[in-house]
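Asks: sequence first, predicted model second:
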Amino acid sequence: QVQLVQSGGGLVRAGGSLSLSCTASGREVENRAMGWFRQAPGKDRVVVASVSARGTITRYHDSVKGRATIFRDNAANTVHLRLNTVEPGDTGVYYCAAGGVFSAVALEIKTVEHWGQGTQVTVSS
């Protein structure tokens with residue numbers, strides 16, 4: 001079993017930056033791809049960014065490319081997302097996610113095995 005505990009988020013002014021962190025514990029965390037998903041009001045949950053188990057490969061949603069950085073610290077079992085120049089479209093509930101053991105970096109809803117508790121991010125214009 002894997003537990004994911006999130007921190008960060010909240011209210012951010014458009015043009016500013018936000019940082020989200022996730023601390024993982026449990027079985028073979030270092031061998032799982034991890035990522036961040038966003039669910040906007042009335043919309044499906046979508047992957048914003050994901051990172052491979054070793055942290056060497058990253059993937060980003062088109063809407064955040066050039067503005068987002070995902071990275072992980074396997075020594076501390078943490079994964080972080082930094083999003084710059086935030087826009088109102090970045091508003092939503094953000095979820096930390098972990099794939100299965102030796103999962104591919106390109107996380108999808110169906111490949112996520114564990115979810116964090118969710119954190120509200122609201123971008124004010």
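Replies: That came through fine. Since this is a predicted model, take the numbers as computed values, not measurements. Numbering: from 1, shown residues only.

Asks: make it CA atoms for all contacts and neighbour counts henceforth
Replies: Noted.

Asks: now the residue most central in space within the chain: how far from Gln6?
Replies: Nearest to the mean C-alpha position of the chain, counting by C-alpha atoms, centre = their mean, stands Trp36 at 1.7 Å. According to C-alpha to C-alpha, to the nearest Å, Trp36 stands 10 Å off from Gln6.

Asks: next, show the common contact partners of these two.
Replies: Common contacts of Trp36 and Gln6 (C-alpha atoms under 8 Å, 6 or more residues apart in numbering): 95-96.

Asks: which residues of this protein fall in strands?
Replies: 2-8, 10-13, 18-26, 32-39, 45-51, 58-60, 68-73, 78-83, 92-101, 112-115, 119-124 (DSSP state E).

Asks: please produce a markdown table containing those strands, extended by mean pLDDT.
Replies: Formatted as a markdown table, the strands of the chain follow (pLDDT from 0 to 100):
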| stretch | mean pLDDT |
| --- | --- |
| strand 2-8 | 97 |
| strand 10-13 | 97 |
| strand 18-26 | 97 |
| strand 32-39 | 97 |
| strand 45-51 | 97 |
| strand 58-60 | 97 |
| strand 68-73 | 97 |
| strand 78-83 | 98 |
| strand 92-101 | 96 |
| strand 112-115 | 97 |
| strand 119-124 | 97 |
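
Asks: tell me which of the ones you listed sits most buried.
Replies: strand 32-39 (a mean of 26; mean count of other C-alpha atoms under 10 Å).

Asks: how about the closest residue to Thr85 other than its chain neighbours, phi and psi?
Replies: Nearest non-adjacent residue to Thr85, counting by C-alpha to C-alpha, 6 or more residues apart in numbering: Gly15, 4.1 Å away. Taking degrees, to the nearest 10, you get phi 90, psi -20 for the backbone angles of Gly15.

Asks: check contacts around Gly15.
Replies: Gly15 sits next to 84-87 when contact means C-alpha under 8 Å, 6+ apart.

Asks: likewise Glu108?
Replies: Glu108 neighbours (C-alpha under 8 Å, 6+ apart): 46-47.

Asks: separation between it and Phe102?
Replies: Glu108 is 14 Å from Phe102, by C-alpha to C-alpha.

Asks: I'm done for today, thanks for sticking with me.
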